[in-house]
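1. I'd like to go over a predicted model; first the sequence, then the structure.
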Amino acid sequence: MKLCKDIHQHSKYPERILQFGEGNFLRAFVDLIVHTMNEEADFNSGIVVIQPIQNGLIEILNLQDGLYTLYLKGIQDGQVTSEHKVIDCVTRGINPYTDYDQYLKLAENPDLRFVISNTTEAGIFLHKKDRLEDRPQVSFPGKLTALLYRRYKFFNGDKSKGLIFIPCELIEKNGDKLKEIILKFVELWELESEFLQWIIEANIFCNSLVDRIVPGYPRERLEEIYRELGYEDDLVVEAEPFHLWVIEGPDFVKSEFPVDKVGLNVLFVDDITPYRTRKVRILNGAHTSMVPVAYLYGIDTVREAIEDEVVGKFVKDTIFEEIIPTLDLTKEELEAFANSVIDRFKNPFIKHDLMSIALNSMSKFETRVLPSILEYQNREGKLPLKLTFSLAALINFHRGERNGEKIVLSDDAAILEQYASLWKVHDGSSEQLKTIVATILSNEKVWKMDLNQVSGLTDAITTYLTNILELGMKKAIFQVMY
Ligand SMILES: NC(=O)c1ccc[n+]([C@@H]2O[C@H](COP(=O)([O-])OP(=O)(O)OC[C@H]3O[C@@H](n4cnc5c(N)ncnc54)[C@H](O)[C@@H]3O)[C@@H](O)[C@H]2O)c1
Ligand SMILES: O=P(O)(O)OC[C@@H](O)[C@@H](O)[C@H](O)[C@H](O)CO
């Protein structure tokens with residue numbers, strides 16, 4: 001039997017939250033937080049989930065009446081934590097691609113107060129071709145502008161009907177960026193200036209930073225899980241117990257969003273920048289830089305990587321010797337955070353596949369690792385060897401082969417085509433290898449600069465790449481280890 005309201009009671013809450021995105025992260029993080037506030041702080045808020053792109057899980061979510069099971073497993077303060085619960089704050093899902101009218105109708109709900117999103121780093125972007133008349137607009141900000149315009153019109157510009165936006169996308173100043181794009185649409189669509197004023201005066205866009213490792217759907221443990229639960233659940237999701245949400249916004253947001261009443265790790269701060277930089281550079285930077293090295297070494301998961309004598313040391317040294325020295329918080333604070341991240345990577349209950357982190361590795365390397373390389377060179381006057389080696393490994397990773405086995409690459413089509421055409425003609429000569437490196441490093445669309453301009457980088461990467469190809473990762477890694 002599938003999980004649905006016939007076998008699990010579904011609480012009835014007014015729909016006060018719109019959530020763009022039905023992915024694993026939001027279901028394991030925001031929805032749990034809302035569920036907890038409903039249970040413990042009388043938050044009394046239901047979530048309507050919007051599917052932001054054509055393909056998604058909304059149909060499955062509706063088949064389960066918005067219900068799904070969340071597993072939290074890990075070690076906290078030295079204690080094993082393992083719990084699961086059915087999250088019941090999602091009232092329904094809407095697919096704007098099949099039901100645009102119902103989507104726009106949401107704007108007319110007077111109870112609506114919050115808009116939360118996680119549309120990945122690709123979601124908050126200006127798609128100039130979006131039009132108000134589209135059903136739906138391609139982009140998330142385009143869809144949102146259309147919904148806001150309907151709300152503004154329906155309530156005749158009533159300022160008490162404005163919304164609080166808390167985006168969770170892992171981009172810098174996510175709230176500011178979302179607002180900027182919405183205001184751009186008002187201009188492009190030539191909408192009235194009073195609407196623009198209403199957006200600015202009646203709505204609040206908070207910047208926020210999220211942190212929780214959510215490997216997602218536990219495909220390999222499903223039978224065991226279904227046996228334990230006594231029902232089937234196509235949306236079961238697994239995550240670590242650790243969570244942190246840092247929100248930058250005015251005080252009234254804190255009073256309307258009563259997370260402090262339920263003891264959750266949510267901070268309201270004046271500036272999220274230091275938290276964001278610390279998390280993205282250390283945790284995400286370690287993830288992204290370990291993937292090509294550990295995977296080519298023959299390792300498949302984060303935990304195996306961190307526990308391996310050689311690769312684990314590579315990752316830890318990278319964090320402590322090459323990432324932390326580029327950050328501005330105190331050494332104690334940074335080292336304490338780094339140690340807790342390493343413990344989280346060791347979580348014995350979570351299987352975090354390196355290949356899932358490898359998705360869109362090139363853009364992730366640019367935002368999560370490259371700033372450490374550049375800042376290290378700026379501060380120390382030399383290249384950080386391990387991070388440089390990781391970039392060489394990433395170029396090798398895009399050959400699409402590990403010990404004779406195909407690697408299924410998943411990245412922007414243009415990037416994959418470029419790699420395919422470069423590696424196809426590679427004949428083993430060192431000149432050609434240098435050409436491959438120089439061509440990849442010159443891709444300003446990815447790096448936002450020509451990386452060949454970074455002193456010594458092209459040659460260092462060519463040398464490392466040659467070694468990885470000739471000796472294999474197991475031997476080549478020692479070149480930057482001791
Ligand atoms: N999984 C984690 O551990 C974790 C932790 C913190 C942050 N995050 C961030 O959350 C994001 C989502 O992760 P997830 O694990 O939920 O992934 P997921 O694949 O389960 O969900 C992705 C969601 O993003 C939407 N989406 C994808 N491309 C989009 C686009 N171009 N425009 C609009 N929407 C788009 C999808 O519809 C879906 O709702 C990632 O970008 C990740 O960086 C993930
Ligand atoms: O989710 P991604 O694919 O953007 O990045 C992979 C991981 O680095 C990421 O999910 C972390 O686990 C997460 O950011 C921890 O809060």
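-> Everything's here; your move. Ligands and ions are numbered 1, 2, ... in the order given.

2. does Ser208 count as helix, strand or coil?
-> Classification of Ser208 using DSSP: H, G, I helix; E, B strand; the rest coil returns strand.

3. distance of it from ligand 2?
-> 12 Å (C-beta to the nearest ligand atom, to the nearest Å). Placement of C-beta: from N, CA and C, glycine included.

4. and for that residue, the neighbour number?
-> Using other C-beta atoms under 10 Å, Ser208 is surrounded by 23 other residues.

5. ok, Lys445 next?
-> Neighbours of Lys445 using other C-beta under 10 Å come to 12.

6. residues in contact with it?
-> Ala414 (C-beta atoms under 8 Å, 6 or more residues apart in numbering).

7. okay, and it sits in which element?
-> Element membership of Lys445, judged by DSSP states H and E, is helix 444-447.

8. hang on, Phe314 packs against Tyr482?
-> No - assessed by C-beta atoms under 8 Å, Phe314 is found out of contact with Tyr482, at 10.7 Å.

9. from the centre of this protein, point out the most distant residue.
-> Ser429 (38.5 Å; C-alpha atoms, centre = their mean).

10. more crowded one of Phe314 and Tyr482?
-> Phe314 (24 against 6).

11. could you check the pLDDT of that one?
-> Listed pLDDT for Phe314 reads 98.

12. same thing with Tyr100?
-> 98.

13. relative to Tyr103, how far out is the closest residue to it other than its chain neighbours?
-> Computed as C-beta to C-beta, 6 or more residues apart in numbering, the closest residue to Tyr100 that is not its neighbour in sequence is Arg135, at 4.3 Å. Using C-beta to C-beta, to the nearest Å, we find Arg135 at a distance of 9 Å from Tyr103.

14. ok, now Ala41?
-> 29 Å.

15. cool, and Gly56?
-> 13 Å.

16. so these two - more neighbours on which side?
-> For Gly56 versus Tyr103, neighbours defined as other C-beta under 10 Å are more numerous around Tyr103 (23 against 18).

17. thought that one was touching Ile50?
-> Yes - using C-beta under 8 Å, Tyr103 is in contact with Ile50, at 6.7 Å.

18. what score does Glu201 have for pLDDT?
-> pLDDT, Glu201: 98.

19. what segments of the stretch 101-250 of the chain are strands?
-> Under the criterion DSSP state E, counting those that start in this stretch, strands of the stretch 101-250 of the chain are mapped to 114-117, 164-167, 204-205, 207-211, 237-239, 244-248.

20. is the fifth one positioned near ligand 1?
-> Going back to what we said before, that points to strand 237-239. No - Strand 237-239 is not in contact with ligand 1 by C-beta under 6 Å from any ligand atom; minimum separation 7.3 Å.

21. ok, back up a step: who touches both of Arg135 and Tyr103?
-> With C-beta under 8 Å, 6+ apart as the test, Arg135 and Tyr103 both reach Pro96.

22. start to end distance for stretch 334-354?
-> Stretch 334-354 has an end-to-end distance of 24 Å (criterion: C-alpha to C-alpha, to the nearest Å).

23. distance between the helix holding Lys445 and the chain's centre?
-> On the basis of C-alpha atoms, centre = their mean, to the nearest Å, helix 444-447 sits 20 Å off its chain's mean C-alpha point.

24. what about it, average pLDDT?
-> Helix 444-447 comes out at a mean pLDDT of 95.
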